[in-house]
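quick one, structure for this:
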Amino acid sequence: MTFDWRNLHLTFLLVTCLAVVSASAQTLLFNFPFNEGSGTNIASTVNTLPGTLGRDGVSNSAPTFSTDTPSGLAGDYSISFANVAGEYLGNRIHVEDPGMAIDVTDPVTGTNRSFTFQCWVKFGEQPGARATIFDNNGPGMKANIAILGDRSIALTTYGIVDMTSHAKIVDDGLWHHFAVVHQDGVEVRFYIDGIVADTVAYTNGVKVAGPQAYFDGGMEVWDWPDYGSGVNTFVGKMDRMSLSRGILAANDLDWRPIVGVTPPAPSLTSPKPAIEIAWPTVPAGYILQSTTNVANTNSWVNVVNSPSTVGPGTYYYYGPVTSPQRFYRLFKP
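Numbering: from 1, shown residues only. From the prediction side, this is the model:
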C-alpha cells in the first residue's frame, strides 16, 4: 500500500499483504513437524514414510530433538544437527520411500513437474560452503536443495543445472522460513519468511527415475564406496519440512511462526511532521522493522525505540518522515 499525503510518500509493506501467486492444483507429499520429542523415529503427517534420526550402522549420524522452535510453544520440537568432527561425517535424517510417495509428476498431465519445498532453519556454525537441507535422487524426483556459505538458497536439478539464487537468509541467529517453488517450464521462486526474495527463469524441469528409494536431510549422502560417506553437512536446527506436488500460493506457505496465526496488520496515519504506526498487542512477540530497500532481504533492521508508547490493546510508534521512502513490517523472531 502507498500512502501519499501532500509531500509525504511512505510505502508500507506488510507480510500480510503479500502478492499472491496463482496456485496450481497441489498435493502434500510429505510433512515432517518433528514433534515426536524423543526416540529415533520421525513420521510424516501424510503418506507412509518411515523416517529415522541417523542411519543404522553409521556412528554419530543421529541428530537430536530440541525444544527450540519457531513457535516457542510447549510441546513443539525441532531437530538439532551437530557439527561432527571428521571427514564425511555429520548428522542426518533418513526417510525411506518404498511406495514412491515422493512423485512430483502431475498424474493428470503426466508431464507437469511443479513442486513446492519449504522448511524452517536456524543456523549453527556451518562446516563448509554448502549445507544440504533435502536430497532426493529417487524414482519420482531428482533434486537437491541446499543453503550456501553466504546463506543463499540453491536448487540442483540432478543432471540439468546447479542453480543459485540471490535469496539470502539473514545471519541473525533466529529462526527463518524458506521455500523453493518450481513452476515447471517457467521459473523457480525463492521465498524467505513469506516474501519472494528471488526469481530465476527456468524451463528445463526436473528429471525422475533416480535409483534411490529414500531421501536424506542435513547432508548429501554418497552411495559409493559405502553409505557412510556424506558431504555438504548442515549444522543448526530444522523444523516443519514439507514437499508438495504443484505450486502453493505465497500466502499458503508455512511462513507463520505459529501455525494459523497471521501477524497483525498495523495501521498507518500521518500527523505532520511525523508518522504514526499502530498494531495490536495480541498476539505478542512481534518486532517493528524497517528498510529503504525491500529488494535486499538482509537490509531489514529493528526500529529503535519501538514501540514509542502503548495504549489499551495497541502499540504505537512515532517517527519522522524520511527521504528516501521507508518500508515497515512486523516480524516474529
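
domains in the protein, by residue range?
2-16+261-331, 21-248 (automatic domain parsing).

least reliable of those domains going by mean pLDDT?
Of all the domains of the chain, mean pLDDT reaches its minimum on domain 2-16+261-331 (a mean of 75).

coming back round to it: JSON lines please, covering the domains of the chain and showing distance to D254.
C-beta coordinates here come from the backbone N, C-alpha and C atoms, glycine included. Converted to JSON lines, those look like this (distance: least, CB to CB, whole Å):
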{"stretch": "domain 2-16+261-331", "distance to D254": "12"}
{"stretch": "domain 21-248", "distance to D254": "5"}
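
please identify the most buried of those domains.
Among those, domain 21-248 has the highest mean neighbour count (mean count of other CB atoms under 10 Å), at a mean of 18.

right, so of the domains of the chain, which gets closest to W255?
Comparing those against W255 with CB to CB, the closest turns out to be domain 21-248 (3.3 Å).

from the chain's centroid, how far away is the closest one?
10 Å (CA atoms, centre = their mean, to the nearest Å).

hang on, D97 packs against D103?
No. D97 is beyond contact range of D103, at 9.2 Å (criterion: CB atoms under 8 Å).

how about the contacts made by H94?
51-52, 54-55, 214, 216 (CB atoms under 8 Å, 6 or more residues apart in numbering).

and it, how far from I277?
Counting by CB to CB, to the nearest Å, the gap from H94 to I277 is 47 Å.

check I169 too.
Distance from I169 to I277, by CB to CB: 26 Å.

what's the answer for G140, then?
47 Å.

equivalent analysis for D135, please.
For D135 relative to I277 (CB to CB), the value is 43 Å.

picking that back up, widest-spaced pair of the contacts of H94?
The farthest-apart pair in those, when distances are taken by CB to CB, is G54 and Y214, at 13.2 Å.

residue contacts, the residue nearest to the spatial centre of the chain?
With distances taken as CA atoms, centre = their mean, F178 lies nearest the centre of the chain, 1.8 Å away. F178 makes contact with 118-119, 121, 147, 153, 167, 169, 190-193 under the criterion CB under 8 Å, 6+ apart.

what about those residues, which are in strands?
118-119, 121, 147, 153, 167, 190-192 (DSSP state E).

so which of the contacts of F178 comes closest to S244?
With CB to CB as the yardstick, the closest approach to S244 among the contacts of F178 comes from Q118, at 8.3 Å.

hmm, the closest one is touching D252, no?
No. Counting by CB under 8 Å, Q118 does not reach D252; the two are 10.1 Å apart.

re earlier: and the residue nearest to the centre of the chain, what element?
Following DSSP states H and E, one finds F178 within strand 176-183.

what lines up beside that strand in the sheet?
Using DSSP bridges, the strands paired with strand 176-183 in its sheet are strand 115-123 (antiparallel), strand 187-192 (antiparallel).

C-terminal to the first one, what's the next element?
This means strand 115-123. strand 130-138.

and what of the last one?
Reading on from strand 187-192 to the C-terminus, the next helix or strand found by DSSP H and E is strand 195-201.

what is that next one packed up against?
Applying 3 or more CB pairs under 8 Å, 6 or more residues apart in numbering; DSSP states H and E, we find strand 195-201 packed against strand 161-168, strand 187-192.

tell me the strands beside it, with direction?
strand 187-192 (antiparallel).

restricting to C-alpha, output the partner strand in PDB.
Output in PDB follows, covering the C-alpha atoms of strand 187-192 (Å, rounded to 0.1, in the frame of the first residue of the first chain):
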ATOM      1  CA  GLU A 187      10.700 -20.300 -13.300                       C
ATOM      2  CA  VAL A 188      11.900 -21.000  -9.800                       C
ATOM      3  CA  ARG A 189      10.800 -18.700  -7.000                       C
ATOM      4  CA  PHE A 190      12.800 -18.500  -3.800                       C
ATOM      5  CA  TYR A 191      10.900 -17.200  -0.700                       C
ATOM      6  CA  ILE A 192      12.300 -16.100   2.700                       C
END
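
tell me what angle that strand forms with strand 161-168.
Counting by axes from the mean of the first three to the mean of the last three CA atoms, to 10 degrees, strand 187-192 points 40 degrees away from the direction of strand 161-168.

hmm, F134 and V121 touching each other?
No. Contact criterion CB under 8 Å: V121 and F134 do not qualify, at 11.2 Å.

the helices and strands packed on strand 195-201: which one's closest to Y318?
Short answer: strand 187-192, nearest of these by CB to CB, at 29.3 Å.

what's the closest one in contact with?
Contacts of strand 187-192 (CB under 8 Å, 6+ apart): 21, 118, 153, 155, 163, 165, 167-169, 176-183, 196-202, 250, 253, 255, 297.

thinking V200 is in contact with M163, fair?
Yes. Counting by CB under 8 Å, M163 is a contact partner of V200 at 6.0 Å.

who are the contact partners of F115?
Counting by CB under 8 Å, 6+ apart, F115 has contacts 104, 141, 143, 181-182, 206, 243-246.

how does it look with 6 Å?
By CB atoms under 6 Å, 6 or more residues apart in numbering, F115 lies in contact with 104, 182, 245.
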